[in-house]
Structures are given as C-alpha cells and as structure tokens.
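Enquirer: dropping a prediction and its sequence here:
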Amino acid sequence: MIADSLLDLIGNTPLVALPRLSPSGRTIYAKLEGQNPSGSIKDRVALAMVDAARLEDGQELLEPTSGNTGISLALVAKLRGLKLTCVLPENATPERRLLLGLYGATIVDSPAEQGSNGAVRLAQELAAADDRYVMLFQYGNEANPRAHYEGTGDEIVRDLRRVDALVAGLGTGGTLMGTGARVREAFPHALVVAAEPLPGDPVMGLRSLEEGYVPPILDVSKLDRKLLVSNAESVAGVRALLDREGIFAGVSAGAVVHVARRVAAELPEGSTVVCVLADGGWKYVSAPFWTAEDVERSMERSLWW
Amino acid sequence: MSVVRVPPVLRDEAGGAREVEASGQTVRELLEDLTTRLPRLGEKVYDGAEIRPYVNVYVDGEDVRTSGGLDAPIREDATVVLLPAMAGG
C-alpha cells in the first residue's frame, strides 16, 4: 500500500467483530476510528472542513475543541501550510494539550468549569474580533456530518449486508447525523443510537441554562435513542474492550460499547449492531482512572469527550 | 417517588439540593409535580407544555425526547437526571 500523502490515509477504517462482548445470538462490530492518521475519527471532519473552506492569504484557522478536532485540524493545517489556534478548555487532558502543541497549534485556554460550551463561546468572541481568523466551526459546519455520510457511513454500508443498529458517541452530533443518514438509506429500519456523556459536576459550571449549547448540526429527532453514560460506566467499557477483545480504546468508545451491548441484547437474535469507536486509548494513558479507587471522583474534573 | 438529580446550574432553584423528589406516572406528571414542589426549579425545566430548549431530562438514563416524550409512562421509582445542554468534540 502506498499513499502520496498522509491525508490520503484518512478514513477507510476497519470493522472488527466483538465475539466475546456480543450478547449471544447478536453480532457487534466496532469501527476502529483510532486508526486514522492523527488517532481519531476527527481526521475525517478536519480534512472535509478545510477542503470545503475558501481561505484567503493570511487567514488563520481558529477552532473550539476539547482536543480531538484540534489535533486533526493541526495535522491538516501542518500539511496544507495553514496556521491554527485552538480554544481548549483548561481541563482537557494533558495528552491532548501536548499533542496539539506538537502538531503545531497555538492554544488559548477557556475556563475549565464551562467545558466545551465555554470554548465555543470564547472562540466565537475571538473570531468576531479579528478578521484573520476563520472558524470552520465543527458544531455548525455541514462538512462535518457530510464527511460521516460520505465516509464513515458509506464504508459501513459497503462492508455489511445487515445493520440493525448504529451506536456512536454524541459530541457535535456529526457522526450520528451523517453516519446515521447513510446507514438508514441502506437499512431503513436501523436504529440510530447516541451514547452521551454524563459530565462531572465540576465541568458543568454554567452560570445559567442560557449558557447551554446545542450544536446546530444536531437534530435530536433523527435519533432513535439517546442514552446517558457515566464516567465509571465508560471506563468499565474501556476495560471490557481491552480485557475481552484486546482493543485499547478511548473513554467515549467505552461508553459506546456499553450502550451497544445493551442495545444488542434488546434486539432480536440474528441482529447486527455497529458501534463507532472514536479513538484509541493512547491519549488516556496517564489518566488517573486506571488505578483510582473511586473512578468517578478521579474523572469528574476533566473533559473526556 | 422518583429521585431527581439536579445539576449545579439549577441548585439555587432547588434550595441548594443536589437531589430532590418528585412523582408522576408520566414524565409530564412528574415535571408538573416538580413544579408544584419547587416552582423555581420546575419553571426552568418545563414551560407547562414542553421541556425548555437548553435542558435535557433523562429517565433511567434515557433522554425523554427520544424515548417517547412527555406522555410516556415511567416507573414508580425511576431515576431522573436533569442536565444542561453540553457539547463535546
């Protein structure tokens, strides 16, 4: 296999069966998005957004991110000769911060207690104040779900003859909207199921509900189910993937597999469930939850999705 | 009787409590009961007809917007979680 550019290796990720985690009589497949060049599914979105943008000389990219999108954009920016500033919540994990810097992005911190909502708000203020900045804006950019429709979803329907449910994490909504739409085209009865993180209290320091944020690309009516997963349940899912299937996946992937197993068990025998594992476990190696007695407590101050 | 978990942004309206109680046979009845017991809290979540836009209500871990809406029946001792709309990525 030869590629002229690392960016050509984005997408076309493998599905792997999870025979030891699938409930009896059902098959769960995991799509390994951690195998993208910068380590997460966001490589698809970053490339699609940059390709769709019309950037003028002297313009720089600015993006709010909890980490993965920033890292992906930093890779694309580096290979396309663009400058990138990421607005990152202070409590994003150290690996994300390090990787962003290594890939060449400038980081601006947003308040920890406001999570990604705070990053969005600050990024919008910065972009409005300086003409140099172009905010591609993963939360509102149609290139995001389109990348999943044309990539993530199309790959799934080419690989499988049957899909009864699609399970993915809910961050911006891009994966669920885009992949869900493409999967439903091929398999109209397929359920589209969101795994949603239950943030720790310290990360929900909004001053009012009006500081809440619903991504413009997200249409909740297109979801069949939307299930909350705690940090502890997510980590249990991460451990199950590693212990039983040898797959080292990230925190949101743990949540997704937790939900996938539940959904699969509720579907009839013979059903096939596809779950999208957004990244690998490598960015979480120095996280405290591996050895913590109280997993929930050890995770509540940070952003994991 | 259900336990309703209150996020930090709404604890003022719950008199500082992290958890309060409410009951109802449907989501709607529970929200109406919540509004009767704690009007300031209830009003932030429920406008008398719908759940307000920047709030999510989960019953036994599932968002009511996708699990049958406000008139869906709920268990006697369901766990209810209120959350502000938070993005990720």
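Expert: Sure thing, it's come through.
Enquirer: just the residues contacting stretch A:100-107, thanks.
Expert: Residues lying outside stretch A:100-107 but in contact with it, judged by CB atoms under 8 Å, 6 or more residues apart in numbering or on different chains, are A:38, A:67, A:70-71, A:73-75, A:77-78, A:83-88, A:97. (C-beta placed from N, C-alpha, C; glycine too.)
Enquirer: one more pass at 10 Å, please.
Expert: Stretch A:100-107 is contacted by residues A:38, A:60-63, A:65, A:67, A:70-78, A:82-88, A:92, A:96-97, A:99 when judged by CB atoms under 10 Å, 6 or more residues apart in numbering or on different chains.
Enquirer: and what of stretch B:64-74?
Expert: With CB under 10 Å, 6+ apart as the contact definition, stretch B:64-74 has outside contacts at A:192-194, A:220-227, B:2, B:23-32, B:46, B:49-51, B:56-62, B:80.
Enquirer: list buried residues within the contacts of stretch A:100-107.
Expert: Listed as buried from these are A:38, A:61-63, A:65, A:67, A:70-78, A:82-88, A:92, A:96-97, A:99; burial here means 16 or more other CB atoms under 10 Å in any protein chain shown.
Enquirer: same list, the residues you listed, but only the ones touching chain B.
Expert: Among the buried ones among the contacts of stretch A:100-107, the ones lying near chain B by CB under 10 Å from any CB of the partner chain are A:63, A:65, A:67, A:70.
Enquirer: the closest residue to residue A:55 other than its chain neighbours - how many residues pack around it?
Expert: For residue A:55, the nearest residue in space outside its immediate sequence neighbours is residue A:134; the separation is 6.0 Å by CB to CB, 6 or more residues apart in numbering or on different chains. Here the count is done by other CB atoms under 10 Å in any protein chain shown, and residue A:134 has 18 residues near it.
Enquirer: would TSV of the ones next to chain B among the buried ones among the contacts of stretch A:100-107 with pLDDT and secondary structure be doable?
Expert: Output for those, formatted as TSV (pLDDT from 0 to 100; DSSP: H, G, I helix; E, B strand; the rest coil):
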residue	pLDDT	secondary structure
A:63	96	strand
A:65	91	coil
A:67	85	coil
A:70	95	helix
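Enquirer: return the member of these nearest to chain B.
Expert: Closest approach to chain B among those (CB to the nearest CB): residue A:65, at 6.4 Å.
Enquirer: right, and the closest one touches residue A:96 too?
Expert: Yes - applying CB atoms under 10 Å as the test, residue A:65 and residue A:96 come out as touching, 8.5 Å apart.
Enquirer: what is the burial count for the closest residue to residue A:90 other than its chain neighbours?
Expert: Among residues not flanking residue A:90 along the chain, residue A:112 sits closest, at 4.1 Å (CB to CB, 6+ apart). Residue A:112 sits with 17 neighbouring residues when counted by other CB under 10 Å.
Enquirer: now do residue A:112 against residue A:219, distance only.
Expert: Distance of residue A:112 to residue A:219, given as CB to CB, to the nearest Å: 30 Å.
Enquirer: again, but for residue A:181
Expert: Following CB to CB, the distance that separates residue A:181 from residue A:219 is 10 Å.
Enquirer: again, but for residue A:97
Expert: If you measure residue A:97 against residue A:219 using CB to CB, the figure is 32 Å.
Enquirer: cool, residue B:77 as well?
Expert: Taken as CB to CB, the span from residue B:77 to residue A:219 is 33 Å.
Enquirer: quick one, which of the two is more surrounded?
Expert: residue A:219 (14 against 10).
Enquirer: so who does residue 60 touch?
Expert: All of this refers to chain A. Contact criterion CB under 10 Å, 6+ apart gives A:77, A:82, A:83, A:84, A:85, A:106, A:130, A:132, A:133, A:134 as the residues in contact with residue A:60.
Enquirer: looking at chain B here, not the other one
Expert: Residues in contact with residue B:60, defined by CB under 10 Å, 6+ apart, are A:227, A:228, B:2, B:67, B:74, B:75, B:77, B:78, B:79, B:80, B:81.
Enquirer: report the buried residues of the lengthiest helix in chain B.
Expert: The helix spanning the most residues in chain B, taking DSSP state H as the definition, is helix B:27-37. Judged by neighbour count using 16+ other CB under 10 Å, the buried positions of helix B:27-37 are B:27, B:28, B:29, B:30, B:31, B:32, B:33, B:34, B:35.
Enquirer: and for stretch B:58-71?
Expert: The neighbour-count criterion (16+ other CB under 10 Å) identifies B:58, B:59, B:61, B:62, B:63, B:64, B:65, B:66, B:67, B:70 as the buried residues of stretch B:58-71.
Enquirer: how near is the closest residue to residue A:277 other than its chain neighbours to chain B?
Expert: Excluding its sequence neighbours, the residue lying closest to residue A:277 (CB to CB, 6+ apart) is residue A:253, at 3.7 Å. For residue A:253, the distance to chain B (CB to the nearest CB, to the nearest Å) stands at 13 Å.
Enquirer: dump the residue contacts of residue A:253.
Expert: Under the criterion of CB under 10 Å, 6+ apart, the neighbours of residue A:253 are A:30, A:32-34, A:41, A:168-169, A:195, A:234, A:237-238, A:241, A:247, A:275-281.
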